[in-house]
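Enquirer: What follows is a predicted protein model with its sequence.
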Amino acid sequence: MKSVVRDVGEVRVLDLEGKITIGTGDLQLRQLIEESLTAGKNKILINLKGVTHIDSSGIGEMVGCFATVARRGGKMKLENLPAKINDILQVTQLITVFDVYDAEGEALASY
Amino acid sequence: MLYFVRMAREAQLQLLSRYENIELAEEVLGELCRTASVDDETIYWIGMALREALANAIKHGNKLNPEKRVHVRIEVRPGAQLRLIVEDEGEGFDPEQLANPTDPQNLLRSSGRGVFYMRNFMDDVSFFPSDQGGTRIELTKNLETRRAV
C-alpha cells in the first residue's frame, strides 16, 4: 500500500493506494493512524480512492483505528470509496458505522 | 512455492506459511481463470475469497509456523464451476463457533469477518477436518452466475 499524508487545516488526510490486506497494508494503516494521533491530529479523513483491495484484516484494522481515534476524542471518516470497497463495507454493514463522503470539501466541512 | 498446472484448468500449490504467498496464489488463480475466459469481476471476488481462505490457513491454521504448509488446489470448469480447496496443517477448527459479524454487538470487533466474506463472495463454502488433523475448506463458484451484493 502507498500513502500520502496531507494536513488540510485541522484535518489530517491520508490518501491511500493499493491493497489494505493482511501482513502489509493493515499494519501500515495502523501506523499511519498512530503517527497522526501522536502528532496531535485526531480529525482524520481516509481517502480510499486508490484502494483496490481490502480484506477482512484490513477491515478489522480500519474498525480498530476508528475506535482508537474515537477513544482519543477524535473522528475518523472515509471518502471516495471505490465501488468494490463500498460493496465490502456494505456486506458487513460497516457502511452504517463510518461517515462516508464522496466530495472532500464536504468531508472536511463535516468536522 | 511449488506450482503445477495441468491442461491450464487446474493448479496445485504448496505454500509456506507466509502472507506474501497469498499474492502469488492470487496471481495463479487469475492466470488460470483468464485462460478459462472468466470475467474480471468474477475473478476479483473469487480472488478475495481465496485471500481470506489463505489468510485463515496461514494465521489461524498454521499459526505462521514456517515449517507448515498450506495446500491449495484450483479447478476451473469453463462456463460451469470453479472450485478452490485450501488445506492447512494446523489443529482443526469449528466453523460453528463463529459469531455473526453483522450482529450489532459484533460490528466493531476487529476480527471475525473472513469466513463471512468467503460465504458472500462464493456460492458454497464447506469445512472439513483434513487427514492430517488440520482444516480443509472447499469454496465453489458457479461461473454462469454473477455475484450480487
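Expert: Sure, I can see it. Note that the structure is a prediction, hence the values are computed from the model and not measured.

Enquirer: in the chain, which spans are strands?
Expert: Went with chain A since none was named. A:2-8, A:11-20, A:43-54, A:75-79, A:100-101 (DSSP state E).

Enquirer: Wait, chain B was what I had in mind.
Expert: Secondary structure of chain B (DSSP E): strands located at B:2-6, B:10-16, B:69-77, B:81-87, B:124-129, B:135-142.

Enquirer: Next, the buried residues of the last one.
Expert: In terms of neighbour count (16 or more other CB atoms under 10 Å in any protein chain shown), strand B:135-142 has its buried residues at B:135, B:136, B:137, B:138, B:139, B:141. Placement of C-beta: from N, CA and C, glycine included.

Enquirer: what do you get for the fifth one?
Expert: Going by neighbour count (16+ other CB under 10 Å), the buried part of strand B:124-129 is residue B:125.

Enquirer: Quick check: neighbours of it in the sheet, parallel or antiparallel?
Expert: When pairs are called by DSSP bridges, strand B:124-129 turns out to pair with strand B:135-142 (antiparallel).

Enquirer: got the angle for the strand it pairs with vs strand B:81-87?
Expert: Relative orientation of strand B:135-142 and strand B:81-87, computed by axes from the mean of the first three to the mean of the last three CA atoms, to 10 degrees: 170 degrees.

Enquirer: ok, now how distant is residue B:141 from chain A?
Expert: The gap separating residue B:141 from chain A is 16 Å, by CB to the nearest CB, to the nearest Å.

Enquirer: What score does the residue nearest to residue A:20 when sequence neighbours are not counted have for pLDDT?
Expert: The shortest distance from residue A:20 to any non-neighbouring residue, by CB to CB, 6 or more residues apart in numbering or on different chains, is to residue A:58 (3.4 Å). pLDDT, the model's per-residue confidence, is 97 for residue A:58.

Enquirer: ok so, going back, need the strands of chain A in CSV (columns: mean pLDDT and mean neighbour count).
Expert: Below are these laid out as CSV (pLDDT from 0 to 100; neighbours: other CB atoms under 10 Å in any protein chain shown):
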stretch, mean pLDDT, mean neighbour count
strand A:2-8, 98, 13
strand A:11-20, 98, 20
strand A:43-54, 98, 21
strand A:75-79, 98, 20
strand A:100-101, 98, 18
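
Enquirer: Among those, which comes closest to residue B:66?
Expert: Evaluated over the strands of chain A, closeness to residue B:66 peaks at strand A:11-20, with 22.8 Å, by CB to CB.

Enquirer: what are the pairing partners of that closest one, and which direction each?
Expert: Taking DSSP bridges as the criterion, strand A:11-20 forms sheet pairs with strand A:2-8 (antiparallel), strand A:43-54 (parallel).

Enquirer: possible to save the ones you listed as TSV with distance to residue A:81?
Expert: Output for these, formatted as TSV (distance: least, CB to CB, whole Å):
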stretch	distance to residue A:81
strand A:2-8	17
strand A:43-54	5
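
Enquirer: Spit out the contact partners of the one residue in chain B that gets nearest to chain A.
Expert: Nearest to chain A in chain B, going by CB to the nearest CB, is residue B:19, at a distance of 3.1 Å. Listed by CB atoms under 8 Å, 6 or more residues apart in numbering or on different chains, the contact partners of residue B:19 are A:22, A:23, A:24, B:55, B:58.

Enquirer: burial measure for the residue of chain A found nearest chain B, as a count.
Expert: Scanning chain A for proximity to chain B using CB to the nearest CB identifies residue A:23 as nearest, at 3.1 Å. Here the number of neighbours of residue A:23 (other CB atoms under 10 Å in any protein chain shown) works out to 17.

Enquirer: Okay then, goodbye and thanks.
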